[in-house]
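Peer 1: Fold the following for me, if possible:
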Amino acid sequence: MSLKNVRLEVMQHLEKDVDSLIEKYLIPVDKIWQPTDFLPNSEGNNFFEEVAEIRELAKELPYDFWVVLVGDMITEEALPTYESWLMDVEGVDQVGGNSWGKWVRHWTAEENRHGDVLNKYLYLSGRVNMREIEKTTQHLIADGFDIGTDRDPYKNFIYTSFQELATYISHNRVAKMAKERGNKQLFKMCNIISGDEMRHHHAYSEFVERIFTVDPSQMMLAFQYMMKQKITMPAHFLRESGDKISTAFEEFSNTAQRIGVYTSMDYVDILEKLVKRWEIGNITNLSDEAEKARDYLMKLPDRMRRLSERMKIPENSYQFKWVEPAVLR
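Peer 2: This next block holds a predicted model:
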């Protein structure tokens with residue numbers, strides 16, 4: 001049987017549990033928070049006063065902070081790309097409406113709130129160039145992405161397990177920075193987003209755990225493959241208006257590293273957490289090739305940590321079109 005058919009068979013085998021996993025990891029619409037819970041009420045009498053407060057508190061946040069917040073928001077707003085990608089994964093049936101397709105739609109519905117609330121906050125803050133941000137978002141969706149997973153569910157679930165934890169770290173750190181600057185509203189907003197991301201991380205990690213129990217060798221090889229090629233961020237095709245793909249994402253990453261929102265060390269820590277969570281060192285019934293893959297994965301965190309320690313991040317801020325020069329401090 002081909003690898004493609006084996007993966008499809010495994011996905012079909014696991015599908016019986018997906019509905020219960022939806023109940024475990026996703027929250028019903030009527031119970032979960034919505035963006036308006038954290039934004040001024042446009043129907044209320046105090047709307048303009050609340051907007052004025054947002055704009056005043058926004059003045060206390062430095063340039064690099066705004067760059068990271070904008071980049072995080074744009075990444076969240078490119079959700080149509082992520083949904084269409086996952087809907088094309090082997091075993092996810094969009095036409096027949098199987099449980100995997102239901103998971104992707106419900107996960108997307110939760111994630112959609114993140115970009116929505118951050119977009120509205122940025123608009124009200126008066127500290128960013130929304131038209132340039134909107135152009136970048138449209139570019140990112142139009143350009144699509146290639147995360148190196150093809151239609152392989154094993155590779156895709158490795159990717160999402162990793163990426164959801166990375167976005168948790170980023171939103172959580174931004175939340176703490178906002179709180180330190182006295183911006184409790186933005187803290188609550190980013191903090192609750194990070195909570196969603198952690199919940200989703202646990203879900204995708206459990207998908208991987210379940211695959212390890214039925215197809216350990218191929219799951220191990222998929223894990224090795226993804227770590228050899230490195231996990232690329234969803235917004236790696238980020239670009240500003242008039243620019244080619246490459247510069248914007250590199251400078252956004254430099255900014256995030258410079259202020260400690262998401263660093264190369266965080267990448268290593270996530271890898272280490274996944275190796276521990278999936279108990280890679282204790283998995284049995286592996287093929288010879290998968291045993292070699294396991295050895296590679298067990299040694300990889302230390303190797304990557306040594307490389308990370310030698311990395312140097314540019315100290316100067318890149319001037320993005322998203323954030324007006326007046327915000328530079």
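
Peer 1: switch to C-alpha atoms for all contacts and neighbour counts from now on
Peer 2: Will do.

Peer 1: Can you pull out the low-pLDDT segments for the stretch 1-150 of the chain?
Peer 2: 1 (pLDDT under 70).

Peer 1: ok, 90 please
Peer 2: 1-5, 60, 94-97, 144-146 (pLDDT under 90).

Peer 1: Helices of that one, start to end?
Peer 2: When assigned using DSSP state H, counting those that start in this stretch, the helices of the stretch 1-150 of the chain occupy the ranges 3-14, 18-25, 47-58, 63-77, 79-86, 99-125, 130-143.

Peer 1: now these in CSV, with mean neighbour count?
Peer 2: Formatted as CSV, the helices of the stretch 1-150 of the chain follow (neighbours: other Cα atoms under 10 Å):
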stretch, mean neighbour count
helix 3-14, 15
helix 18-25, 14
helix 47-58, 16
helix 63-77, 22
helix 79-86, 17
helix 99-125, 19
helix 130-143, 18
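
Peer 1: Output those helices in TSV, with distance to L186 appended to each entry.
Peer 2: Compiled in TSV, the helices of the stretch 1-150 of the chain are given as follows (distance: least, Cα to Cα, whole Å):
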stretch	distance to L186
helix 3-14	39
helix 18-25	25
helix 47-58	9
helix 63-77	10
helix 79-86	22
helix 99-125	8
helix 130-143	18
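
Peer 1: Tell me which of these lies nearest to S264.
Peer 2: Evaluated over those, closeness to S264 peaks at helix 63-77, with 15.6 Å, by Cα to Cα.

Peer 1: For N316, which of the helices of the stretch 1-150 of the chain is the nearest?
Peer 2: Of all those, helix 63-77 comes closest under Cα to Cα, at 10.2 Å.

Peer 1: Can you give the distance of that closest one from its chain's centre?
Peer 2: 12 Å (Cα atoms, centre = their mean, to the nearest Å).

Peer 1: Let me see the residues that make contact with that helix.
Peer 2: Helix 63-77 has contacts (Cα atoms under 8 Å, 6 or more residues apart in numbering) with 111-112, 114-116, 118-119, 122, 128, 133, 136-137, 170-171, 174, 234-235, 252, 255-256, 259, 261, 317, 320, 322-323, 327-329.

Peer 1: go on, stretch 133-153?
Peer 2: Counting by Cα under 8 Å, 6+ apart, 4, 7, 11, 70, 74-75, 77-78, 80-81, 88-91, 155-156, 159, 226, 229, 231-241, 321-322 sit against stretch 133-153.

Peer 1: Check whether N285 sits in a helix, strand or coil.
Peer 2: The three-state assignment at N285 reads coil, by DSSP: H, G, I helix; E, B strand; the rest coil.

Peer 1: how far away is it from T213?
Peer 2: With distances taken as Cα to Cα, to the nearest Å, N285 is found 10 Å from T213.

Peer 1: now R113
Peer 2: For R113 relative to T213 (Cα to Cα), the value is 34 Å.

Peer 1: looking at the helices of the stretch 1-150 of the chain, which is closest to A203?
Peer 2: That would be helix 18-25 among the helices of the stretch 1-150 of the chain, by Cα to Cα, at 6.1 Å.

Peer 1: quick one: that closest one to chain centroid distance?
Peer 2: 20 Å.

Peer 1: just the angle between that helix and helix 99-125, please?
Peer 2: 30 degrees (axes from the mean of the first three to the mean of the last three Cα atoms, to 10 degrees).

Peer 1: Can I get stretch 300-308 in PDB, CA atoms only?
Peer 2: C-alpha atoms of stretch 300-308 as PDB (Å, rounded to 0.1, in the frame of the first residue of the first chain):
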ATOM      1  CA  LEU A 300      18.500  18.200  17.500                       C
ATOM      2  CA  PRO A 301      17.600  20.600  20.300                       C
ATOM      3  CA  ASP A 302      21.100  20.800  21.700                       C
ATOM      4  CA  ARG A 303      22.500  21.300  18.300                       C
ATOM      5  CA  MET A 304      20.100  24.100  17.400                       C
ATOM      6  CA  ARG A 305      20.600  25.700  20.800                       C
ATOM      7  CA  ARG A 306      24.300  26.100  20.100                       C
ATOM      8  CA  LEU A 307      23.500  27.700  16.700                       C
ATOM      9  CA  SER A 308      21.000  30.000  18.300                       C
END
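
Peer 1: what's next to it, contact-wise?
Peer 2: 264-265, 268-269, 271-272.

Peer 1: Adding pLDDT and neighbour count as columns, could you present those in JSON lines?
Peer 2: Listed next are the contacts of stretch 300-308 as JSON lines, based on pLDDT from 0 to 100; neighbours: other Cα atoms under 10 Å:
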{"residue": "S264", "pLDDT": "93", "neighbour count": "16"}
{"residue": "M265", "pLDDT": "95", "neighbour count": "18"}
{"residue": "V268", "pLDDT": "96", "neighbour count": "18"}
{"residue": "D269", "pLDDT": "97", "neighbour count": "16"}
{"residue": "L271", "pLDDT": "97", "neighbour count": "19"}
{"residue": "E272", "pLDDT": "97", "neighbour count": "17"}
